[in-house]
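# What shape does this take:
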Amino acid sequence: MSGHSKFANIKHKKEKNDAAKGKIFTIIGREIAVAVKEGGPDPANNFKLAQVIAKAKASNMPNDTIERGIKKASGDGNAVNYEHVTYEGYGPNGIAIIVEALTDNKNRTAANVRSAFTKGNGSIGTQGCVSFMFDEKGQIIIDKEECDMSADDLMMIALDAGAEDFSEEEDSFEVLTAPDDFNVVYTALQENNIAMVSAEVTMIPQNYVELTDETAIKNLNKTLDLLDEDDDVQAVYHNWDE
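Below is the predicted model of the structure:
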């Protein structure tokens, strides 16, 4: 993981987005609403909702806000219907980008995403054009400064719970799981009072690509910033080695 620390990226995004905390909660609120609509309000019987709750807690979303979101989604028959949409494409120098969105207007979202790619000198591709370069994994990041447990003890808890991999970086620990095992591993860490900086099912690149051209870096950042500002966009994955 050296050279592309997920934790460093999280810290960078946190510093950048602290003022947009409300947007983060809005994004997760949409995910809660969709998960409840698709599988019901009980996380014990709704795998997707349990995943979203784990993500919400790792983002410091208050428990009462989570509970209100679940109650509202389960009782509001007139709630806006959001659809999952995924876009795949290329940034400068062939950087692979996946965009996941929840939208009530697919035409609007498609136009905005296409514009973000175009303005950064990239292009939208067909479904599947880059997703084969990524693996879907449960990923949990733990800040070393917030963890009193030894690396060996932490690793044993994670692996015993079903984690696929455990790695140590300079400032953090990373736990990877199969998507279906994410909730079990997350719960095991939570029960041991281990604070998690990030906990979600995500798309992890199989290989990372470096950019050295300043114009390419500027253009890629332009695309990523425009996508980040779009209220419909839930997540953006790429294989740029930042």
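
# how about the longest strand along the chain: buried residues?
Longest strand in the chain by number of residues, with DSSP state E as the criterion: strand 134-143. Within strand 134-143, the residues scored as buried using 16 or more other CB atoms under 10 Å are 134, 137, 138, 139, 140, 141, 142, 143. Any C-beta I mention is one placed from the backbone N, CA and C, and that applies to glycine too.

# what do you get for stretch 93-109?
93, 95, 96, 97, 98, 99, 100, 101, 102, 103, 109.

# One more: stretch 175-190?
175, 176, 177, 181, 182, 183, 185, 186, 188, 189.

# Tabulate the buried residues of stretch 93-109 (TSV), appending pLDDT and secondary structure.
Output for the buried residues of stretch 93-109, formatted as TSV (pLDDT from 0 to 100; DSSP: H, G, I helix; E, B strand; the rest coil):
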residue	pLDDT	secondary structure
93	91	helix
95	96	coil
96	96	strand
97	96	strand
98	96	strand
99	96	strand
100	94	strand
101	94	strand
102	91	strand
103	91	strand
109	96	helix
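
# want to throw those into TSV with distance to residue 29?
Converted to TSV, these look like this (distance: CB to CB, whole Å):
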residue	distance to residue 29
93	36
95	30
96	29
97	25
98	22
99	19
100	16
101	15
102	10
103	14
109	17
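
# wait, which of those is closest to residue 39?
Nearest to residue 39 among those, counting by CB to CB, is residue 102 at 15.3 Å.

# Spatially, and excluding backbone neighbours, which residue is closest to that closest one.
Leaving aside its sequence neighbours, residue 102 sits nearest to residue 82 (CB to CB, 6 or more residues apart in numbering; 4.3 Å).

# Residue 26 now?
The shortest distance from residue 26 to any non-neighbouring residue, by CB to CB, 6+ apart, is to residue 231 (7.2 Å).

# Could you count how many residues lie near that neighbour?
By other CB atoms under 10 Å, 14 other residues sit near residue 231.

# and the gap between it and residue 36?
Distance of residue 231 to residue 36, given as CB to CB, to the nearest Å: 20 Å.

# Now do the same for residue 203: helix, strand or coil?
Under DSSP: H, G, I helix; E, B strand; the rest coil, the three-state class of residue 203 is strand.

# which residues does it bridge with?
Counting by DSSP bridges, residue 203 forms beta bridges with residue 136.

# can I assume it is in contact with residue 132?
No: assessed by CB atoms under 8 Å, residue 203 is found out of contact with residue 132, at 11.1 Å.

# and those two? which has more neighbours close in?
Per other CB under 10 Å, whichever of residue 203 and residue 132 has more neighbours is residue 203, with 20 against 10.

# Give me the local confidence score for that one.
pLDDT recorded at residue 203 is 93.

# Could you point out which of the buried residues of strand 134-143 is nearest to residue 218?
residue 134 (24.3 Å).

# The residue nearest to the closest one when sequence neighbours are not counted: what's it in contact with?
Taking CB to CB, 6+ apart, and ignoring the residues beside it in sequence, residue 134 has residue 203 as its nearest neighbour in space, at 4.2 Å. Listed by CB atoms under 8 Å, 6 or more residues apart in numbering, the contact set of residue 203 reads 98, 131, 134, 135, 136, 137, 237.

# could you dump those to JSON lines with distance to residue 75?
Listed next are the contacts of residue 203 as JSON lines, based on distance: CB to CB, whole Å:
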{"residue": "98", "distance to residue 75": "33"}
{"residue": "131", "distance to residue 75": "36"}
{"residue": "134", "distance to residue 75": "36"}
{"residue": "135", "distance to residue 75": "37"}
{"residue": "136", "distance to residue 75": "32"}
{"residue": "137", "distance to residue 75": "34"}
{"residue": "237", "distance to residue 75": "33"}
